[in-house]
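Next input, structure requested:
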Amino acid sequence: MIGLIVTGHGNFASGLTSSLKLIAGEPKNYVAVDFLESYSVDDLERELTKALDELKDCEGVLVLSDLGGGSPFKTAVMVGLVTPRGNVEVVAGTTLPMLIEVNMGRQFVEELGMLTEMAMNTGKDQVVRYEFKPVQQEEPTDGI
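Down below sits the predicted model:
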């Protein structure tokens, strides 16, 4: 199974994890890494390294972060991709629908690249806007 790490500013990771558990149950091969206000980037690097070490037996690891260019994203890239670890991908812009889809998809998707594409497509597809369209009342014709 592909491992999954969620990280982000504040309690982003643990908050999404709480919602994921409520909707889909306890995830396997999964680690949430918060970037708390009291953390330095070195603390975050240590926690992400521990998370990757915990998932070292997985067929690959997908890291989902909140903001592209933020410390959790940049640190995940550095720890997961710059340091030779193997099969790691990092994606920013994580949403709850993306996380749920990816978590469930890991049961049947064995290729990390395919799971990463699934995450990105779901993220794009799930951004929707509600538009109110009033219902047109039709005038009765002849009553028959």
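
can you pull out the strands in the chain?
With DSSP state E as the criterion, the chain has strands at 3-9, 30-35, 61-65, 88-92.

list the helices and strands the first one packs on?
Okay, so that is strand 3-9. With contacts defined as 3 or more Cβ pairs under 8 Å, 6 or more residues apart in numbering; DSSP states H and E, strand 3-9 has these neighbours: helix 12-24, strand 30-35, helix 41-54, strand 61-65, helix 71-77, helix 96-105. In short, each C-beta sits where N, CA and C put it, glycine included.

Check what contacts it and list those residues.
Contacting residues not belonging to strand 3-9 are listed as 12-13, 16-17, 27, 29-35, 44, 48, 51-52, 55, 58, 60-67, 70-73, 75-76, 94, 99, 102-103, 106 [Cβ atoms under 8 Å, 6 or more residues apart in numbering].

Now restrict these to buried residues only.
12-13, 16-17, 27, 29-35, 44, 48, 51-52, 55, 58, 60-66, 70-73, 75-76, 94, 99, 102-103, 106 (16 or more other Cβ atoms under 10 Å).
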